[in-house]
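Colleague: Quick one, fold the following:
(one chain, ligands or ions: 2)
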Amino acid sequence: MKIQEAKYVMSNSDYLKCPEPDIPEYAFIGRSNVGKSSLINMLVDKKSLAKTSQQPGKTQLINHFIINQAWYLVDLPGYGYAKVSKAEREKWETMISDYLYNRENLVCTFVLVDIRHSALATDLEFMSALGEAGIPFHIIFTKADKLKAYQIANQVEAYKLKLAEIWEEIPPLFVTSSEKNEGRDPILDTIEAYNESFSKKA
Ligand code: GTP
Ligand code: MG
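Modeller: Residues are numbered from 1 along each chain as shown. Ligands and ions are numbered 1, 2, ... in the order given. Model prediction:
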């Protein structure tokens, strides 16, 4: 799929104030600093559409971007960020789960995990909660430029084994590097296929 246009729409703390849910939507979620905002910029080929930072906790709201005037990409705050107060963290977590569990046009979510880490309980628990709520998700490994090819293959295999302990069917996995601009097309192709089935259903 070609990205002709990518525009910022609005930021909200309340999913009820998000744009009309009349076109397909895809949300990016994962631990703070995993590279959600960077990945969105890589997908749409615009360096600073979504705000990124070396410091965790940069994205604090539900941010909508409209792509090709036809679908939304949503940048969400990260979970598991230890340096904010417990009350603040809980506020974000409620904001994220209210959005994920109630947003009508959310077609699927992409859960991002840092390829350098072995499967973390917070991520696996988050995925289980999505599964229980019936929200389809795909897994995107980020920061692949930090490892060698054989290490990437090992990490993906180890992650698959871990997932197989929980899931009968393993969700699709993507390996990316926003730094090196790698892994873009398979994600955009997946979104394109979903967009087509969304318009058939409408
Ligand atoms: P929060 O909004 O704070 O939850 O973070 P985020 O998940 O949106 O991460 P963000 O995109 O802001 O990136 C965090 C840091 O990781 C930045 O310093 C990025 O430059 C870096 N980063 C993101 N993706 C990659 C990647 O593919 N490779 C490398 N080497 N660094 C990356
Ligand atoms: Mg961010």
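Colleague: Closest to the centroid, which residue in this protein?
Modeller: The centroid of the chain falls nearest to residue 28 when counting by CA atoms, centre = their mean (1.8 Å).
Colleague: give the contact list for that residue.
Modeller: 36, 39-40, 73-76, 109-110, 112, 140 (CB atoms under 8 Å, 6 or more residues apart in numbering). Using the backbone N, CA and C atoms, a C-beta is placed for each residue, glycine as well.
Colleague: which ones are touching the closest residue to it other than its chain neighbours?
Modeller: In space, residue 28 comes closest to residue 36 once its chain neighbours are excluded; the distance is 4.4 Å by CB to CB, 6 or more residues apart in numbering. Residues near residue 36 by CB under 8 Å, 6+ apart: 28-30, 50, 59, 75-76, 78, 112.
Colleague: which SSE is the closest residue to residue 112 other than its chain neighbours in?
Modeller: Spatial nearest neighbour of residue 112, chain neighbours left out: residue 30 (3.4 Å); criterion: CB to CB, 6+ apart. Assessed by DSSP states H and E, residue 30 sits inside strand 25-30.
Colleague: so for that strand, what's the average pLDDT?
Modeller: For strand 25-30, mean pLDDT rounds to 97.
Colleague: Which SSE is immediately downstream of it?
Modeller: Beyond strand 25-30 toward the C-terminal end (DSSP H and E), the next one is helix 36-44.
Colleague: quick one: is the strand or helix carrying residue 193 near ligand 1?
Modeller: Secondary structure from DSSP H and E places residue 193 in helix 184-201. No - on the criterion CB under 6 Å from any ligand atom, helix 184-201 is out of touch with ligand 1, staying 11.3 Å away.
Colleague: again, but for stretch 159-174
Modeller: No - residues of stretch 159-174 contacting ligand 1 under CB under 6 Å from any ligand atom: none, with a closest distance of 12.1 Å.
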